[in-house]
Structures are given as C-alpha cells and as structure tokens.
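take a look and give me a structure for this.
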Amino acid sequence: MRLKLIACKALYREISLITATCGNFVDVTYLRQGLHNTPGLLREAVQKEIDFIDAGDDIHTYRNEYSVREFDAILLGYGLCSNGVAGVSSQKYPVIIPRVHDCITLFLGSQEKYLTYFNAHCGTYWYNASWIENALTPSEETEKEMHRYYAEKFGEENADFLIEAELTSNYNRCAYVKWEELPFPEYEQYARDAAQYHGWDFDLVTGDSSYLRDFLCGPWDEKRFLTVPPGKKAEPDYSGSILKLEDE
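All right, here's what the predicted structure looks like:
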C-alpha cells in the first residue's frame with residue numbers, strides 16, 4: 001500500500017524505525033510537537049495538510065508531470081489529543097486514526113497497559129527519546145531556561161510560581177518508556193536525573209512497538225483503529241471507544 005502519514009514529531013524516532021522496515025510505502029509529514037495544547041490549532045494544521053494532499057499540492061510528497069501516484073489512505077499519527085483531531089476529514093481518501101487518547105498508548109503497546117499503569121500511578125510524567133528531543137520536558141536544564149525567560153518577562157518573584165504551574169505542579173513520578181529496539185541510555189539517564197531533581201519517583205517502563213507497527217503496516221482492526229471514509233469526520237466517543245464517526 002501507498003500511505004500518507006501526518007504525525008506529531010513526538011513519534012519521530014519510533015515511526016522512523018518502523019517505516020524503514022514496513023512493507024508499505026509510508027510517506028511521512030511531521031508537525032511540531034505541542035500543537036495539541038491548542039486543539040483548534042492542531043485541527044487547523046492537520047486539516048490544511050489533508051487538503052493539500054487531496055488537491056495533489058502537498059509539497060512534502062513526490063509528484064511529476066507525467067503520472068499521479070495516489071495513496072490508499074491517510075494515516076494520522078495522533079490520538080484524540082484534546083479533541084484536536086475531531087472534525088478533520090479528507091474528501092478523497094480514507095483516514096485512519098488510532099483509538100487512543102494520546103501517544104503514550106502507542107509507546108506502551110496497548111490501551112489496557114496504559115490504563116493499568118495510569119490507575120496505579122496518577123501524576124506520572126512520561127519520557128522517551130522522541131519526547132526529550134522534541135518537547136518541553138521537565139528537567140533542571142529546562143527549568144533554568146524557563147526561569148530566565150519568565151524572570152526577564154515577569155520578574156524574579158513570579159518566575160518560580162509560573163514554572164511550577166506550567167510544568168511540574170501535577171506530577172510526582174517520572175516514567176521512561178524504553179523500546180528494546182531503541183536503546184538510548186543517555187535519554188534514560190536524562191529522565192532519571194529529572195526525577196531526582198524534582199524529587200519524583202522514577203520508573204523504567206518497557207514499551208511495545210506492536211500497536212504503532214500495526215498502525216503503519218496494517219491491517220486496521222475496528223477495535224484499535226477508526227477508519228474515516230472520504231467526506232466523513234471523526235468525533236469523540238465517550239462510551240469507551242475514544243473516537244467514532246460523526247452521527248454514529
């Protein structure tokens with residue numbers, strides 16, 4: 001199959017690993033991490049990319065004057081992500097979306113594993129290589145950078161309060177997700193150091209690439225993936241499936 005993937009850079013290393021060996025041709029466009037913090041912005045960015053793909057004007061994808069290389073589907077490398085993918089639609093291709101709230105389930109390998117850990121350990125901040133490289137992760141270095149910025153903008157008295165409110169106030173544990181296929185001891189140590197600096201518990205969690213591999217390679221079972229036909233839209237499902245088709 002020829003697939004077009006629009007994905008968050010928080011999945012960069014994991015996706016790169018799998019697409020290199022997947023039997024499908026997967027053409028990847030990455031969007032910067034953090035768009036889900038403003039769901040409307042994420043929705044707008046993803047829809048804009050889809051519209052370009054539908055029109056054949058996607059500047060990230062190969063094209064020539066002599067032939068058209070159509071895709072079999074568009075994959076979204078996101079979960080529900082604060083409702084950021086709700087309402088997106090392709091007029092030309094089916095859109096495949098994992099039925100997950102966020103990318104942590106994709107790193108762990110199943111929704112069941114994520115929920116089991118979440119219920120046992122509330123207040124966990126998740127780390128892995130892609131997050132550390134592409135996101136604002138709590139650490140001594142990050143806090144110093146934020147303190148310098150906030151102190152210059154709002155004064156020393158407010159800097160510590162703003163950092164705690166934005167970055168660390170709701171957490172008491174750090175979990176580093178390690179894939180056997182992606183050993184990065186330096187990033188694991190980064191997470192350990194961050195936990196020690198913030199006075200958090202540290203946990204090394206073994207991840208599982210199977211969910212993300214099935215997403216990129218197929219087939220897409222209904223339980224774990226939502227297939228959105230052309231012209232249809234996805235919306236939140238509060239009955240347990242996370243995502244569903246509009247008016248379903």
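
pLDDT wise, what is the most centrally placed residue in the chain at?
Centroid-nearest residue in the chain, with Cα atoms, centre = their mean: Cys103, separated by 4.2 Å. For Cys103, the model assigns a pLDDT of 92.

same check on Glu248?
What the model reports as pLDDT for Glu248 is 60.

what residue of this structure is the furthest out?
Relative to the mean C-alpha coordinate of the chain, counting by Cα atoms, centre = their mean, the farthest residue is Tyr66 (35.8 Å).

surely that residue forms part of a helix?
No: read with DSSP: H, G, I helix; E, B strand; the rest coil, Tyr66 is coil and lies in no helix.

does the residue nearest to the centre of the chain really touch Ala10, like I thought?
Yes: counting by Cβ atoms under 8 Å, Ala10 is a contact partner of Cys103 at 5.6 Å. (Each C-beta comes from the backbone N, C-alpha and C, glycine too.)

lowest-confidence helix or strand of the chain?
helix 156-163 (a mean of 81; mean pLDDT, DSSP states H and E).

contact partners of that one?
Outside helix 156-163, the residues that touch it by Cβ atoms under 8 Å, 6 or more residues apart in numbering are Glu143, Met146, His147, Tyr150, Ala151, Phe154.

rewinding a little: and the gap between the residue nearest to the centre of the chain and Ala234?
17 Å (Cβ to Cβ, to the nearest Å).

again with Asn64
According to Cβ to Cβ, Asn64 stands 32 Å off from Ala234.

quick check: ChimeraX command selecting the buried ones in the contacts of helix 156-163.
Of the contacts of helix 156-163, the buried ones can be selected in ChimeraX as follows, counting by 16 or more other Cβ atoms under 10 Å:
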select :143,146,150
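
closest one of the contacts of helix 156-163 to Ser241?
Using Cβ to Cβ, Met146 comes nearest to Ser241 of these, at 37.5 Å.

could I get the contacting residues of the residue nearest to the centre of the chain?
By Cβ under 8 Å, 6+ apart, the residues touching Cys103 are Cys8, Ala10, Leu11, Gly77, Tyr78, Gly79.

adding secondary structure, distance to Gln33 and pLDDT, write these out as TSV.
Below are those laid out as TSV (DSSP: H, G, I helix; E, B strand; the rest coil; distance: Cβ to Cβ, whole Å; pLDDT from 0 to 100):
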residue	secondary structure	distance to Gln33	pLDDT
Cys8	strand	6	94
Ala10	helix	4	94
Leu11	helix	9	96
Gly77	strand	11	96
Tyr78	coil	11	94
Gly79	coil	13	90
